[in-house]
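J.: The following block contains a protein sequence and its predicted model.
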Amino acid sequence: MAAAQIHSTAIVAPGAILEDGVTVGPYSIIGEHVRLGAGTRVGPHCVVDGHTTIGPNNHFYRFCSIGGIPQDKKYADEPTALVIGGANTFREFVTVNIGTAQDAGTTRMGDDNWIMAYVHIAHDCQVGSHVVIANSVQLGGHTHIGDWAILGGLSAVHQFVHIGAHVMIGGTSSVRQDVPPYMIGAGDSFRPIGINSEGLSRRGFTDQDILVLREAYKIVYRRKLQIDQAIEALVVLQQDHPAERQAVQTLVDFLRGAGRGIARP
């Protein structure tokens, strides 16, 4: 692969590591503790700073700010970090902050995420892979986003909220409590209305998987059970449908770890 290509107006600190095929556009700044993976493209007027490690084949469009210090008054210049996987797309004016000492110390993102313009990903967020975050979504600190989740434009996620895998959140939603895997919904505050069956079908879940997960939704939301009671009922559902056990287990595991309570219809 070709050597890194750095525009003559860009500033790359001496300690930065740029792997083969990296391109850095006009007027961009790369900090001394940054590593850019092979084939990553940094567009014009971007800043990549902090103790930031970025995998291969990412694309940062113009005016991104990546690896900035947390918007947290408790931050005291600790050498916390940001780690980004591969093949992610960051559109215009996206901001992603490093972690804090009050959490694991590292903000993390997986692979193949599509992050649209003006999105903010705060300190200590943990974003999985194959996630779509639409324009102007704001993620508070310490939030977790599961694989394949989709967040509609102009939505806001409260700090410490966990959003499960395969969730679809409609635009302009305010998410203040945890959202279990597979749910679809919207609102201020966010209200689940059912299972994201279309998304699950596209990702290879069988018709029987979806049928059982619809029953799981009814257990969690229609029977007016406490979370512990719902988990017990889901375990019974698994026993009745062993072939779909793992799909239900993802929901069970999430409910057992729900720290803020779950969003309700």
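T.: Received it, and whenever you're ready, just let me know what you need. These numbers were taken from a predicted model, which means no experiment stands behind them.

J.: low-confidence ranges in this structure?
T.: Scanning the chain for pLDDT under 70 picks out the ranges 1.

J.: And for residue 236, the neighbour number?
T.: Using other Cβ atoms under 10 Å, residue 236 has 10 neighbouring residues. From N, CA and C alone the C-beta is placed, and that goes for glycine too.

J.: now the one 4 residues further on
T.: The criterion is other Cβ under 10 Å. On that basis, residue 240 has 11 neighbouring residues.

J.: Could you check how far it is from residue 218?
T.: 14 Å (Cβ to Cβ, to the nearest Å).

J.: again, but for residue 53
T.: 43 Å.

J.: neighbour count winner among those two?
T.: Remark: of residue 53 and residue 218, residue 53 carries more neighbours, 19 against 14, as counted by other Cβ under 10 Å.

J.: for the more buried one, what are its contacts?
T.: Contacts here follow Cβ atoms under 8 Å, 6 or more residues apart in numbering; on that basis residue 53 touches 34-35, 81-84.

J.: residue ranges of the helices in the stretch 51-200 of the chain, please?
T.: For the stretch 51-200 of the chain, the helices defined by DSSP state H, counting those that start in this stretch occupy 197-202.

J.: Surely residue 51 touches residue 77?
T.: No - between residue 51 and residue 77 there is no contact under Cβ atoms under 8 Å: 11.5 Å.

J.: what about those two, which has more around it?
T.: Neighbour tally, residue 51 and residue 77, criterion other Cβ under 10 Å: the higher count belongs to residue 51, 20 against 6.

J.: Would you quantify the distance from that one to residue 150?
T.: Taking Cβ to Cβ, one finds residue 51 at 30 Å from residue 150.

J.: do residue 47 as well
T.: 28 Å.

J.: Could you pull out the strands in the stretch 151-265 of the chain for me?
T.: For the stretch 151-265 of the chain, strands defined by DSSP state E, counting those that start in this stretch occupy the ranges 156-157, 162-163, 168-169, 174-175, 183-186, 191-195.

J.: Generate CSV for those, with mean neighbour count and distance to residue 105 as supplementary columns.
T.: Supplementary listing: the strands of the stretch 151-265 of the chain in CSV, determined by neighbours: other Cβ atoms under 10 Å; distance: least, Cβ to Cβ, whole Å:
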stretch, mean neighbour count, distance to residue 105
strand 156-157, 23, 21
strand 162-163, 25, 19
strand 168-169, 26, 27
strand 174-175, 21, 24
strand 183-186, 21, 30
strand 191-195, 18, 32
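
J.: Select, out of the ones you listed, the one closest to residue 102.
T.: Among the strands of the stretch 151-265 of the chain, the nearest to residue 102 by Cβ to Cβ is strand 162-163 (17.0 Å).

J.: Touching that closest one from outside, list them.
T.: Applying Cβ under 8 Å, 6+ apart, the set of residues contacting strand 162-163 is 143-146, 149, 151, 157, 169, 175, 178-179, 254, 257-260.

J.: Let me see the domain layout of the protein.
T.: Domains of the chain are assigned by automatic domain parsing as 5-142, 199-257.

J.: just those domains: most buried one?
T.: The highest average neighbour count among the domains of the chain, using mean count of other Cβ atoms under 10 Å, belongs to domain 5-142 at a mean of 20.
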